[in-house]
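1. Mind folding the following:
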Amino acid sequence: MSTPNLNDLFQSAQNEGFLSTSSMQALNVMDIGAQIQAGLGITIDDVTASEVVLVTIMTDDSGSIQFAGNTPVVRAGHNTILSALQASNQKDSILIHNRYLNGMVLYPYCPVLQAIPMDAQNYDPRQGTPLYDQTVIVLGTVIAKAQDFAENGVPVRTITLLITDGADQHSHRANAQTVRSLVQDMLRAENHIIAAMGIDDRSTDFRQVFQSMGIRDEWILTPGNGHKEIQQAFQLFSQSALRVSQSAITGLGGFTAA
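-> Got it, this is the predicted structure:
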């Protein structure tokens, strides 16, 4: 099968009532289409599962992660998620994608058993915090991939984790309202969960930041800066991703109900 046409996918989503006009404007293919395309990965023809769960992770690779000494625990946290999903009975229906906050795609959507663990060679956080710009690209990738499966008759559920240890500093295109439009459209469809983890930087009110982006309070994690707390937050997300792979999203109540 040829590469899906993003314009067609987004237009279909709007025609079906899943995307608002403001979200369509945010997903301008001329501006960010190539970046979204880079995350789509495996084609429909290579997926044999009768239903699919998309797990998407946006990992903070800003310099503050390294300055705070949190590089190893973020790597380990991501790898904890992989291990949990790879050991699940639903692993054959799980596709996963990891894109860093500054745009590097560690791996596009692929079977969870083929995902690449994070290590010292592929994760060396030294960049900025374009939180809103990159979240639009990540959510656009989730929307496009989910729409592609839906149009081919494959039921799909998604869970996305946004990770940051700071407020937005380097976005040029998007703002919190831009992200909020996409998040609200996705939540209305009732087959998406968007979660966020704000690692304490001693200055940012992450609940306020994420709520301004439209993320529901029950899907916000705010661990302290200690390795144990951060690791526990990753484990909570792992448990939630497993629950999404096992049941309908409408029955899930957030991290507090894990």
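2. residues in contact with the nearest residue to residue 102 once chain neighbours are set aside?
-> Leaving out its chain neighbours, the residue that sits closest to residue 102 by CB to CB, 6 or more residues apart in numbering is residue 127, at 4.1 Å. (Each C-beta comes from the backbone N, C-alpha and C, glycine too.) By CB atoms under 8 Å, 6 or more residues apart in numbering, residue 127 lies in contact with 61, 62, 63, 101, 102.
3. Format these as JSON lines; extra columns: distance to residue 213, neighbour count and pLDDT.
-> Putting those into JSON lines (distance: CB to CB, whole Å; neighbours: other CB atoms under 10 Å; pLDDT from 0 to 100) gives the following:
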{"residue": "61", "distance to residue 213": "19", "neighbour count": "24", "pLDDT": "97"}
{"residue": "62", "distance to residue 213": "17", "neighbour count": "23", "pLDDT": "96"}
{"residue": "63", "distance to residue 213": "22", "neighbour count": "14", "pLDDT": "96"}
{"residue": "101", "distance to residue 213": "14", "neighbour count": "27", "pLDDT": "98"}
{"residue": "102", "distance to residue 213": "18", "neighbour count": "18", "pLDDT": "97"}
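4. Among the residues you listed, which lie within helices?
-> residue 63 (DSSP state H).
5. I'd guessed residue 236 sits against residue 242; true?
-> No - applying CB atoms under 8 Å as the test, residue 236 and residue 242 come out as separate, 10.9 Å apart.
6. ok, the two, which is more surrounded?
-> residue 242 (22 against 17; other CB atoms under 10 Å).
7. give me the low-pLDDT residue ranges for the chain?
-> 1-2, 250-251, 256-258 (pLDDT under 70).
8. which stretches of it form strands?
-> Along the chain, the segments classed as strands by DSSP state E run 52-59, 94-100, 105-111, 156-164, 192-198, 220-221.
9. got TSV for these, with distance to residue 227 and mean neighbour count too?
-> Output for those, formatted as TSV (distance: least, CB to CB, whole Å; neighbours: other CB atoms under 10 Å):
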stretch	distance to residue 227	mean neighbour count
strand 52-59	16	25
strand 94-100	20	24
strand 105-111	21	18
strand 156-164	15	24
strand 192-198	14	25
strand 220-221	15	22
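10. Can I get those in TSV including distance to residue 185?
-> Putting the strands of the chain into TSV (distance: least, CB to CB, whole Å) gives the following:
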stretch	distance to residue 185
strand 52-59	16
strand 94-100	19
strand 105-111	20
strand 156-164	13
strand 192-198	9
strand 220-221	19
